[in-house]
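Chemist: Attaching a predicted model along with its sequence, questions to come.
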Amino acid sequence: MIVLHEDPHKPLRDDVRLLGTLLGEALQRQDGQDLFDRVERVRKLAKRARRGEPTASREAFDALASELGAMPVDAALPVARAFAHFLNLANIAEQHHRVRRRRACQRDPDARPQAGSIEDVLPRLAASGVPADVIYDAVCALRIELVLTAHPTETMRRTLQRKYHAIAEALAALDRPDATPRERESWIDAMRREITAAWETEEVRRGRPSPLDEVRSALGMFEQTLWHAVPEYLRSLDRSLRGVTGRALPIDAAPIRFGSWIGGDRDGNPAVTPEVTRRACLMARWEALTLYAREVDALREELSMSDATGALRERAGGAHEPYRALLRDVRRGLDLTRRGVEEQLAVLPGSRSGVRAEEVFATAEQLTAPLRLCFESLHATGNGVIADGRLADVLRRLAVFGLTLVRLDVRQEAARHTEAIDLMARQAGLTGYHDWSEDDRVRFLVDALADPRATPADVPYNPRTAEVLQTFRTLAAIPPDSLGAYVITMAGQPSDVLAVELLQRRAGVTPPMRVVPLFETACDLRAAGRAMDELFSIPWYRDRIARAGRQEVMVGYSDSAKELGRVTAAWELYTAQEAIVAACRSHGVAVTLFHGRGGTVGRGGGPTYLAIQSQPPGSIDGTLRVTEQGEMIQAKFGLRGIALRTLEVYTSATLEAALTTPSPVAPRWRDAMDRLAVAAQSAFQRAVYEDPLFPCYFRAATPEAELDALHIGSRPARRSGGGLHALRAIPWQFAWTQTRLLLASWLGAEELDGGSANDADRSLYREMYREWPFFRSLVDLMQMALAKADAGVAQHYDRQLVPPELQPVASSMRRRLDRATGAILSITGSRRMLDDNEVLRRSIEVRNPYVDPINVVQVELLRRLTALRAATPGADPIADEARANDVAALRRALRVTINGIAAGMRNTG
């Protein structure tokens, strides 16, 4: 039974203690007392290392390192596994506690609405003077799309996710006030079984997941939580809207929808083929049809009444139970539609299905029509209370999910399209398209778009070009409601957009997908406004956008942060968005900004409400697209209560940004940010790209070389080429997270209180922190990263792994960390990081002693791997084989530590 305590977090501590006890029992039962004793000995040393004076703590940490370093790998690895499992269990307990606190707040009649909730924001907007009809229209016009991506940042296997979800459900059951002792014992037994099963399950995938494996994982999230959370969220929004405006949310309102890149993002991922994209769309449709079939079965049980309107009776053929008769036909249509999808999945593309087109639901509207007829009939016959239950939920799901659950985006690099257009130019007897000026390219593309002939290029294809052209032909055969946007990576000029328009036209993609340029490098971000202005100045494209009604533009956070550093990238993104919005407005074009944010601070991640409120004024007008990446999908949607909170925070923040007029940005603030951005970029690039020793330090001090072998995702960790520039932003961030230095999240921030900063600047920074949401968001996000960073653990990596000639680089990075920490504390006026966020600060402090031993084991594994790799192969093949086996064993062990640290840090890349 859960009751409200003076200490609201006591139930969380009780849950963590219970889960830790059950894990300890599992260790003893499965692996014996010796392992349990080793884990307890290490745990006590780790806790001692986090208490007391710095000297005593260092001595205790050294004792911890000696204890673990003296263990053979096969003895140390189970210890690391035990701590990793505990951290995963603590994560589940924390997520459940978030749901518990939310429910406690909602139960308390005297409590204020939770900050950022619908119940908080709508009345606040009304109290501030926003008219009720303006609020109502703004809610109805909301268009938010959350786009799931398969970037390689989710380390936990789906198998283990399901087990941890079952544990969360058991924790929720234990909170029931009417639970009997036997029921409590039963739920604890269920957790005992799941924890034991998790311990006996390999944490690391044996092979790299395929893109379709990633599709299945994402679709599982819909079945597990989102299918149930969405109608509950919409009912909550409806109640709040009625309370403030007196009007109901329309039954077909869809303020939030879902997109996906999983199976469509082929940029740098050769595993995503045209056939993968086709099957990803079919799999999503099959899952949606299966879920709707279950709902229709339940409706057939529920709608047993015979009173109905004439329209429904006519449609049901005069049946005595007209609702059931009509729903029987709907169920048959769903079965036939699903069978048609199964046939398409079972055969090659282009094969004909045995199901006739007139027998299936081709669009969501076709499925909605009979259900809407039932809804209207129930209301007309005095049974509105029944209509507004399960049936309303199904209709709301249809508005949000359609027949596809998600709409699949396709992403490809601009250079690949250039190669395909070069082929078309050669077909027309023209050569050298690659070398043409931008004006010549635009002229050729516009002329080709105006040509009514839609014939494919009839010249020999190379495999790369053939793949691009086949992708567009595949898109032409996919139902339009399965498709979202076509995103162009490394877009920098109007011809990049026109090229995709032409490729769609030639392939017969009808209606064409909306084409979205992605600006992500410093050069492209700075030129984004000009590029959009030039694009809208092309008459053909202006007419195209007039028909579409809106332009979508994507800005990328990860690559810009890796190129410029977090501080400068944040300012470049801010000013780029201002320029994009200004260009669109000058041409009378509505714009939706698509934010390619990562999970970590170093890749643009952070709390949702804070992120949305810190965007440039006018950049969010009730429309928003944003990526949800990797481990953040599980963190934000893994439990139904968490998913509900995520959906309502996106809604509230977007609505508030659209309906409030922020204060203008003071010119002195802009000047200060301009100076800071230059200084921070210079500091970041001098350290990372201009110091020839830094790449060597990075490889020596982090497990970067092993990340690609972790089998996290289907996408390679590197682009073609070598060096730091070729390394993708995700493994770059991931590697620094593992060592606890988190360099990618803060490097450059030391310039806030040093280098170019003087006393006047520091005073101005404090003013900006108090009064400017953008700057406050930037500082607070870095504060979160710096609170997780640990110079002592990072120094252990440096001492054990970094050769003497690179030690000056290591020392320099730790000094920069100290300076960045001091700078942030100076601006916030706090004594320590996260002084105003006790819950998060306490969570980090509690986790540290459990992450530290995993770091120590990882360092020892990396040290031994380095020594083995440095050994010269000899003439003895048996010895060489033994060495290879040792390397393989160490790598398997290393992957376990990588998973464990990711769990403890609540972030990977």
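Modeler: Good, I have the coordinates.
Chemist: Run through this structure and note the low-pLDDT ranges.
Modeler: 1-6, 151-156, 348-355, 357, 452-460, 598-606, 708-722, 754-758, 872-876, 907-909 (pLDDT under 70).
Chemist: any chance you could map the strands in it?
Modeler: 143-149, 256-260, 407-413, 483-489, 514-519, 551-556, 591-596, 623-629 (DSSP state E).
Chemist: on contacts alone, who are the packing partners of the third one?
Modeler: If I follow you right, that is strand 407-413. Under the contact criterion of 3 or more CB pairs under 8 Å, 6 or more residues apart in numbering; DSSP states H and E, strand 407-413 touches strand 256-260, helix 274-302, helix 463-477, strand 483-489. Yep, even glycine has a C-beta here, placed from its N, CA and C like the rest.
Chemist: my guess is Ser586 meets Asp533, correct?
Modeler: Yes. With contact defined as CB atoms under 8 Å, Ser586 reaches Asp533; the gap is 7.0 Å.
Chemist: Who has more neighbours out of these two?
Modeler: Neighbours were counted for Ser586 and for Asp533 using other CB atoms under 10 Å; Asp533 has more, 17 against 12.
Chemist: show me the contacts for that one.
Modeler: Asp533 is in contact with 583, 586-587, counting by CB atoms under 8 Å, 6 or more residues apart in numbering.
Chemist: can I get the strands of the chain in TSV with distance to Ser811?
Modeler: Formatted as TSV, the strands of the chain follow (distance: least, CB to CB, whole Å):
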stretch	distance to Ser811
strand 143-149	37
strand 256-260	45
strand 407-413	39
strand 483-489	37
strand 514-519	37
strand 551-556	33
strand 591-596	35
strand 623-629	33
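Chemist: can you redo those as a markdown table with distance to Gln161 and mean neighbour count?
Modeler: Shown next, in a markdown table, are the strands of the chain (distance: least, CB to CB, whole Å; neighbours: other CB atoms under 10 Å):
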| stretch | distance to Gln161 | mean neighbour count |
| --- | --- | --- |
| strand 143-149 | 15 | 23 |
| strand 256-260 | 18 | 24 |
| strand 407-413 | 23 | 24 |
| strand 483-489 | 25 | 25 |
| strand 514-519 | 30 | 25 |
| strand 551-556 | 28 | 24 |
| strand 591-596 | 24 | 23 |
| strand 623-629 | 16 | 24 |
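Chemist: Which of the ones you listed sits closest to Ala319?
Modeler: strand 256-260 (35.4 Å; CB to CB).
Chemist: Need the CA coordinates for the closest one. PDB is fine.
Modeler: C-alpha atoms of strand 256-260 as PDB (Å, rounded to 0.1, in the frame of the first residue of the first chain):
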ATOM      1  CA  ILE A 256       0.200  14.600 -31.800                       C
ATOM      2  CA  ARG A 257       1.100  12.100 -34.400                       C
ATOM      3  CA  PHE A 258       4.000   9.700 -34.900                       C
ATOM      4  CA  GLY A 259       6.600   9.300 -37.600                       C
ATOM      5  CA  SER A 260       9.600   7.100 -37.900                       C
END
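Chemist: Any chance you could list what contacts that strand?
Modeler: 142-149, 215, 218, 222, 226, 230, 233, 280, 284, 400-401, 405-409, 484-485, 625, 647, 650-651.
Chemist: Just give the strands next to it in its sheet, each with its orientation.
Modeler: Applying DSSP bridges, strand 256-260 is found paired with strand 143-149 (parallel), strand 407-413 (parallel).
Chemist: which stretch among those strands comes nearest Asn855?
Modeler: Nearest of the strands paired with strand 256-260 (CB to CB): strand 143-149, 28.2 Å.
Chemist: Any idea how many residues pack against Ala172?
Modeler: 18.
Chemist: Likewise for the one 10 residues further on?
Modeler: Neighbourhood size, Arg182 [other CB under 10 Å]: 8.
Chemist: now do Asp329
Modeler: Neighbours of Asp329 (other CB under 10 Å): 13.
Chemist: hang on, isn't it packed against Pro370?
Modeler: Yes. Using CB under 8 Å, Asp329 is in contact with Pro370, at 7.3 Å.
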